[in-house]
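**Student:** Make a model of this:
(one chain, ligands or ions: 2)
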Amino acid sequence: MVEPHLTAEPRVALESTVISHGLPYPRNLQLAQEMEAIIRAAGAIPRTVGIIAGKMIAGLTPAQVKHLAVAPNVRKVSRRDLPIVAARQQDGATTVATTMWIAQRAGIEVFATGGIGGIHRQTDTNKGTSSDVSADLQELAQTQVIVVCAGAKAILDLPATLEYLETHGVTVIGYGTDDFPAFYSRSSGLPVDVRCDSPADVADIWRAKQAMGLPGGLLVAVPVPAHDEIPAAEIEPTIAQAIAEATHQQLRSAEVTPFLLRRIAELSSERSLIANLSLLKNNAQVAAEIALVLAERSA
Ligand code: PSU
Ligand code: MN
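**Tutor:** Ligands and ions are numbered 1, 2, ... in the order given. Below you'll find the predicted structure:
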């Protein structure tokens, strides 16, 4: 295991599954470029992570980002898939889990995404058989990266997801909020472990965790900007319908999340897509600010 080398450079990792599988073309490409631009405008350095011809890259070129946005059949690479794409020299889009893994090895401490994966809901039809737990949770438990997100995706079982994080020692910070955000909505009604109101506040907790030698990441949950939020009661029937369709189609494993995000966007006349784009850009800004504080302190 390579120890993370702290650097004075304010770098921010970005994932590529959201580009290849989370958003439709051409908005996926625009979003990828906008997130990088936001981070640069804040004075930090974006490093979009992905896999090209089997190589793990933290800092894709614009052409490589475009390739992952437009190419059909790019593999969604979770941890279990890393040895496969490496051995077969394939291209791949990295999830939160694999982006964390690669970021830590590149010495990048901060990563901006949309919503982390988590524990999927039990429904009437899959009761007792649903055991879809995102590898993102396990990665947060063991890999030392600050993940800036808008909470866990509202398609998930949020209480179960937070319980898992607690069990595995992952501190959950509410950024400017006491409530865990629910991706499209600003609040899930569930409490976070601590509220932080500034990047310096987050940096204090991160450095304290590192000083104690505690493994794992830190989850910084930032509510979607108010003007683009969809109140939970409004989006919930849409989420329920999309989950029912996924269950009916017997979707499995890595297919589930991309299907749900796409279907919810269709059913909500793209309102969910607008919220998703908005929260991704907002998270890029917050992540850049945290990276700047960390870089100043280690300079
Ligand atoms: N955030 C978004 N859209 C996405 C994702 C995050 O706004 O598509 C991706 C991330 O890559 C995350 C993945 O790791 O969804 C979760 O997939 P699964 O539930 O299969 O672990
Ligand atoms: Mn899954």
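
**Student:** burial measure for Pro215, as a count.
**Tutor:** Residues within reach of Pro215, counting by other Cβ atoms under 10 Å, total 12. Bear in mind the C-beta positions are built from the backbone N, C-alpha and C, glycine included.

**Student:** how about the residues of the chain near ligand 1?
**Tutor:** Counting by Cβ under 6 Å from any ligand atom, the positions of the chain adjacent to ligand 1 are 15, 17-18, 21-22, 95-96, 113-115, 117, 134-136, 254, 257, 261, 276, 280.

**Student:** make it 8 Å
**Tutor:** Residues of the chain lying near ligand 1 by Cβ under 8 Å from any ligand atom: 15-18, 21-23, 76, 78, 93-97, 99, 113-118, 120, 132, 134-136, 149-150, 153, 156, 183, 253-254, 256-258, 261, 276, 279-280.

**Student:** Next, check those against the strands and list the overlap.
**Tutor:** Lys76, Ala93, Thr94, Cys149 (DSSP state E).

**Student:** Now which of those would you call buried?
**Tutor:** Buried members of these, scored by 16 or more other Cβ atoms under 10 Å, are Lys76, Ala93, Thr94, Cys149.

**Student:** from those residues, which is closest to ligand 2?
**Tutor:** Ligand 2 lies nearest to Lys76 out of those, by Cβ to the ion, at 9.9 Å.

**Student:** Who does the closest one form a beta bridge with?
**Tutor:** In this entry, Lys76 is beta-bridged to Ala93, by DSSP bridges.

**Student:** Let me see the ranges of the helices in the stretch 1-150 of the chain.
**Tutor:** Applying DSSP state H, counting those that start in this stretch to the stretch 1-150 of the chain gives helices spanning 17, 27-41, 62-70, 82-88, 96-105, 135-142.

**Student:** Flag the shaky bits of this protein, pLDDT-wise.
**Tutor:** The chain contains residues with pLDDT under 70 at 1-7, 123-130.

**Student:** outside of the longest strand anywhere in it, which residues touch it?
**Tutor:** Ranked by residue count, the top strand of the chain under DSSP E comes out as strand 45-52. With Cβ atoms under 8 Å, 6 or more residues apart in numbering as the test, strand 45-52 has contacts from 9-16, 19, 32, 35-36, 39-40, 56-60, 64-65, 67-68, 77, 82, 85-86, 90-94, 98-99, 102-103, 106, 108, 284.

**Student:** What of stretch 266-283?
**Tutor:** In contact with stretch 266-283 (Cβ under 8 Å, 6+ apart) are residues 18, 22-24, 27, 31, 34-35, 38, 112-115, 148-150, 183-184, 222, 224-225, 227-230, 235, 238, 241-242, 261, 264-265.

**Student:** Dump the helices of the stretch 1-150 of the chain into TSV; add mean neighbour count as well.
**Tutor:** Listed next are the helices of the stretch 1-150 of the chain as TSV, based on neighbours: other Cβ atoms under 10 Å:
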stretch	mean neighbour count
helix 17	29
helix 27-41	19
helix 62-70	17
helix 82-88	14
helix 96-105	26
helix 135-142	21
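
**Student:** Emit the PyMOL select command for whichever of the residues of the chain next to ligand 1 are buried.
**Tutor:** Applying 16+ other Cβ under 10 Å to the residues of the chain next to ligand 1, the buried members can be selected in PyMOL as follows:
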select buried, resi 15+16+17+18+21+22+23+76+78+93+94+95+96+97+99+113+114+115+116+117+118+120+132+134+135+136+149+150+153+156+183+254+256+257+258+261+276+279+280
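
**Student:** Of the residues of the chain next to ligand 1, which ones also sit close to ligand 2?
**Tutor:** Asp132, Ser134 (Cβ under 5 Å from the ion).

**Student:** and the gap between the residue in the chain that ligand 1 sits nearest to and Ala154?
**Tutor:** Nearest residue of the chain to ligand 1 (Cβ to the nearest ligand atom) works out as Gly114 at 2.0 Å. Noted for Gly114: a distance of 11 Å to Ala154, by Cβ to Cβ, to the nearest Å.
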